[in-house]
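Asker: Sequence plus predicted model, see below.
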Amino acid sequence: MKNQKKNWSLKNRYRNMPGFVLNKKRILAVLIFIAVVLLALGLVATTANTKSANSSSASDTFIAKLGDLTVTVTEGGSIRARNSIEYKCQVERRSQTMILKIVPGGTYVTQEDVDNGLVLVELDASTLKDNLTREEIQLSSDQQNLTEAQESYLIQVKQNESDVAAAEMKVRFALMDLQKYMGSELAERLTMDVNQASNLSEYIAPIVGTVRDDPNLLLGSAASQQLKKLQDDIVLAQGSLTTAEATLAGTERLHDANYVSDLDLQRDRLSVTSRRFAAVSSDVALDLFLKYDFPKDAEQGLSNYIEAGRALDRKYAECRSRLAQAQAKLSMAEQKLKTQEEYVNDLRKQIEYCTIKARAPGLVVYGAGDSGDAFRAMRGRGSSSGVIAEGETVSEGQTLISMPNTAEMVAEISVHETEVDKVRLGQPATIVMDAFPDTILQGKVIEVGSLPDEQRGWMNPDLKVYKTLVIIEGSHDFLKTRMSCRVTVFVEQLKNALTLPIQVVAYRGGKKVCYVSTPNGPEEREVKTGIFNDMFVQIVSGLQEGEQVLMNPPLFSSQSSAVAMSEEQQQLLATAQSQNGSGPNGTADAPAGRQRTGRQRGQMGMGMGMPDVNDMSAEMLDGMMQMLSRTNPEKFQELEKLRSEDEAKFKTELQKEVQSAMKKFQQGGGFQGGGLQGEGQGGGLQRQDGQQQQGQRQRSRVSQEGE
């Protein structure tokens with residue numbers, strides 16, 4: 001019942017895998033595949049334990065000794081000057097510029113050449129000259145437009161002054177007319193709050209009524225003269241009427257006495273009637289003046305004054321508007337001329353930049369003199385860009401010629417991302433030139449890049465290296481720019497340190513252990529490690545000097561030669577054997593027609609999910625790491641460091657190694673690169689013995705005393 005529950009848990013585990021079809025045939029294939037993998041690990045463990053238990057030769061053990069442990073970082077690079085005079089392309093163009101002439105590389109420029117104005121590089125300026133001719137014509141047109149705009153502005157200023165003066169004069173004249181007609185006192189009263197009046201007739205009516213009651217208010221005005229004339233006319237009319245009436249009375253007495261004729265009497269009577277009509281007319285004229293003429297003329301005068309003020313305000317606005325338009329045209333013309341002048345001057349500078357003259361004596365070196373030039377040249381092949389030569393095109397800001405100062409030379413190297421954290425400023429270093437291998441130069445680190453080198457990343461995006469500069473001490477005449485060299489940076493050195501080969505330390509249950517050879521067989525010993533390089537690691541505690549340590553630790557921590565398999569692994573293997581009909585070795589226990597070769601067993605895993613590292617026990621992880629230390633020590637070091645820092649990330653990286661091994665196994669080659677290697681034919685998987693494989697690059701040199 002217990003085994004059935006475990007089988008059911010396995011079934012549920014694989015049910016959640018992407019693309020898995022839950023059927024009996026698929027489950028059977030998965031179980032057989034995992035059983036083969038676990039069986040292979042068991043066979044390797046058996047072989048390792050048996051060998052370690054039965055062998056006691058010096059080739060299988062290492063005697064722990066005290067010695068010097070040196071950690072270094074070694075990289076290849078090139079030589080260049082620390083400081084140099086650079087002649088760059090300063091032509092600001094979207095398109096690239098062609099090199100017409102350039103001095104040969106390696107030419108030494110003397111001070112006499114500098115004084116004579118030696119031309120180092122001549123770039124194509126034909127297009128720039130054509131553009132300059134067109135733009136100079138446009139510049140003349142812009143200058144003319146500016147002159148016209150300036151004159152128009154001055155004219156508008158004068159015109160505004162005249163218009164405003166005329167409008168202000170009309171306002172003054174309107175006020176004077178109002179004062180003349182009504183008098184200064186009444187005019188001041190009328191104009192004091194006139195802007196608040198909504199109806200002029202209602203506004204002026206109270207003043208008109210006051211004038212009727214007191215005509216003396218109009219004294220000294222044109223209205224008072226009219227009023228006085230009307231009043232005089234009334235007096236004259238009344239006087240004439242009185243005279244005519246008196247004359248008529250005398251004529252009537254004389255007529256009664258027959259002294260005058262009837263005609264004279266009639267004439268005097270008509271005269272009285274006429275004088276009476278004149279008196280009535282003078283009275284009516286005075287009433288009309290006070291009732292109609294005076295209010296109308298007063299309102300008209302006040303209205304003229306108000307309209308003159310409004311016309312002045314409109315004139316102010318019109319003048320401001322016309323002046324602003326003239327100012328805008330002037331500013332636009334000035335800005336356009338300024339922009340055009342700057343553009344023309346820039347074109348002239350660009351033409352000057354096309355001729356590069358020597359500024360100081362020195363040796364002519366194409367490009368910046370560092371490793372970046374080589375990568376630019378490689379990118380430029382086939383596209384005519386990046387190469388410094390006559391007929392080639394260059395871009396703005398590109399270094400054409402560099403004249404190095406050979407007094408201070410540096411070695412430029414690229415440090416891999418796995419070792420860049422070891423390199424620090426001021427660390428000592430040795431430099432060996434490829435051309436002079438017997439000469440060792442001394443130096444120190446003066447610069448470590450904070451970001452990966454983009455030019456190296458262009459060739460291989462997965463490669464992350466950091467540009468590092470090492471200054472060379474002293475002055476050496478044989479050093480030339482771009483000479484190849486090899487730099488060894490001394491990171492750290494320990495005296496009298498207890499060291500072991502790095503492959504003898506293994507992980508067991510999350511602990512670092514090694515296996516000490518004793519008369520009773522291998523003894524597991526937990527150790528604490530310190531610094532390490534590609535070959536040796538410092539043992540801080542857990543081991544004594546003189547003890548013999550197994551060079552090839554067993555895959556699983558078991559004192560017997562039998563494979564220590566968990567109950568679940570045994571059940572899984574038993575299930576696979578019962579379903580497949582094969583024995584422990586997966587060979588002749590099955591019928592003749594059902595035997596499978598190593599390639600066939602590899603193909604069984606195709607289409608199925610990869611083993612999940614997260615589901616593996618610590619013992620299985622230790623076994624995989626141990627095999628990885630033999631086949632890929634560089635990867636083993638990286639994962640070993642990652643395991644102690646970040647367990648989740650460690651499993652993710654290890655899963656990638658497992659997937660790579662499974663793919664190769666599915667292709668018929670067995671496990672490779674992950675610590676296991678199988679043959680194409682035969683039933684088992686073998687462990688690869690032999691010497692430790694080094695990486696593609698040797699990153700450190702080790703000084704081990706007594707080795």
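Answerer: Yep, that arrived.

Asker: Surely Val194 touches Leu302?
Answerer: Yes. If you go by Cβ atoms under 8 Å, Val194 and Leu302 touch, sitting 6.6 Å apart. Glycine gets a C-beta too; all of them are placed from N, C-alpha and C.

Asker: Pick out whichever of those two has more residues nearby.
Answerer: Between Val194 and Leu302, Leu302 has the larger neighbour count (other Cβ atoms under 10 Å), namely 25 against 16.

Asker: so what's the more buried one up against?
Answerer: 178, 190-191, 194, 200, 204 (Cβ atoms under 8 Å, 6 or more residues apart in numbering).

Asker: Among those, which lie within helices?
Answerer: The helices, defined by DSSP state H, take in 178, 190-191, 200, 204 from the contacts of Leu302.

Asker: closest to Leu337 among those residues?
Answerer: Comparing the ones in helices among the contacts of Leu302 against Leu337 with Cβ to Cβ places Thr191 closest, at 50.6 Å.

Asker: Name the member of the contacts of Leu302 with the most neighbours.
Answerer: Leu178 (26 neighbours).

Asker: measure the closest residue to it other than its chain neighbours to Arg486 for me?
Answerer: Closest residue to Leu178 apart from its sequence neighbours, by Cβ to Cβ, 6 or more residues apart in numbering: Gly301 at 4.0 Å. From Gly301 across to Arg486, the span is 109 Å (Cβ to Cβ, to the nearest Å).

Asker: One more: Glu454?
Answerer: 24 Å.

Asker: and these two? which has more neighbours close in?
Answerer: Arg486 (17 against 10).

Asker: just to revisit the earlier point, helix, strand, or coil at the residue nearest to Leu178?
Answerer: Per DSSP: H, G, I helix; E, B strand; the rest coil, the local secondary structure of Gly301 is helix.

Asker: What residues does it make contact with?
Answerer: Gly301 neighbours (Cβ under 8 Å, 6+ apart): 174, 177-178, 181-182.

Asker: and what of Phe478?
Answerer: 433, 435-436.

Asker: Sort out which of those residues are in strands and list them.
Answerer: Residues of the contacts of Phe478 located in strands (DSSP state E): Met433.

Asker: Compare the contacts of Phe478 and tell me which is most surrounded.
Answerer: That'd be Met433 among the contacts of Phe478, by other Cβ under 10 Å, with 21 neighbours.

Asker: Quick check: nearest residue in space to that one, chain neighbours excluded?
Answerer: Going by Cβ to Cβ, 6+ apart, Met433 has Cys485 as its nearest residue, at 5.0 Å.

Asker: number of nearby residues for Ser84?
Answerer: For Ser84, the count of nearby residues is 22 (other Cβ under 10 Å).

Asker: separation between it and Ile413?
Answerer: From Ser84 to Ile413 the distance is 19 Å (Cβ to Cβ).

Asker: returning to that earlier point: whichever helix or strand the residue nearest to Met433 is part of: partners in the sheet, and parallel or antiparallel?
Answerer: Here Cys485 sits within strand 484-501, counting by DSSP states H and E. Within its sheet, and counting by DSSP bridges, strand 484-501 is paired with strand 65-81 (antiparallel), strand 428-433 (antiparallel), strand 536-541 (antiparallel).

Asker: Correct me if wrong: Arg348 contacts Leu132.
Answerer: Yes. Counting by Cβ under 8 Å, Leu132 is a contact partner of Arg348 at 6.7 Å.

Asker: out of those two, which sits in the more crowded spot?
Answerer: Leu132 (19 against 15).

Asker: Which residue comes closest to the more buried one once chain neighbours are left out?
Answerer: Leu347 is the one closest to Leu132 (Cβ to Cβ, 6+ apart), at 4.5 Å.

Asker: where does that neighbour land on pLDDT?
Answerer: Leu347 is assigned a pLDDT of 92 by the prediction.

Asker: Can you name the residues that contact the most centrally placed residue in the chain?
Answerer: Nearest residue to the geometric centre of the chain (Cα atoms, centre = their mean): Leu451, 15.7 Å. Applying Cβ under 8 Å, 6+ apart to Leu451 gives the contacts Tyr466.

Asker: my hunch is that it is in a strand, does that hold up?
Answerer: No. Using three-state DSSP, the secondary structure at Leu451 is coil, not a strand.

Asker: Could you measure from it over to Tyr466?
Answerer: 8 Å.

Asker: what about the residue nearest to Met98 when sequence neighbours are not counted, neighbour count?
Answerer: Nearest-residue entry for Met98: Asp124, 4.3 Å, with adjacent residues in sequence omitted and distances by Cβ to Cβ, 6+ apart. If you count neighbours by other Cβ under 10 Å, Asp124 ends up with 15.

Asker: What does the pLDDT read for Tyr153?
Answerer: The model's pLDDT for Tyr153 equals 95.

Asker: ditto for Phe436
Answerer: Value for Phe436, per-residue pLDDT: 91.

Asker: and Glu75, bridged to which residues?
Answerer: Going by DSSP bridges, Glu75 forms beta bridges with Val487.

Asker: was I right about it contacting Val470?
Answerer: No. Applying Cβ under 8 Å as the test, Glu75 and Val470 come out as separate, 9.6 Å apart.

Asker: which neighbours do those two share?
Answerer: By Cβ under 8 Å, 6+ apart, the residues touching both Glu75 and Val470 are 413, 487, 489.

Asker: got CSV for the residues you listed, with distance to Cys89, pLDDT and neighbour count too?
Answerer: Formatted as CSV, those follow (distance: Cβ to Cβ, whole Å; pLDDT from 0 to 100; neighbours: other Cβ atoms under 10 Å):
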residue, distance to Cys89, pLDDT, neighbour count
Ile413, 28, 93, 27
Val487, 32, 95, 25
Val489, 35, 93, 26
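
Asker: Closest to Gly67 out of those residues?
Answerer: Using Cβ to Cβ, the shared contacts of Glu75 and Val470 come closest to Gly67 at Val489, 21.1 Å.

Asker: residue contacts, that closest one?
Answerer: 72-75, 422-423, 427-429, 445, 468, 470.

Asker: Thanks again, I'm all set now.
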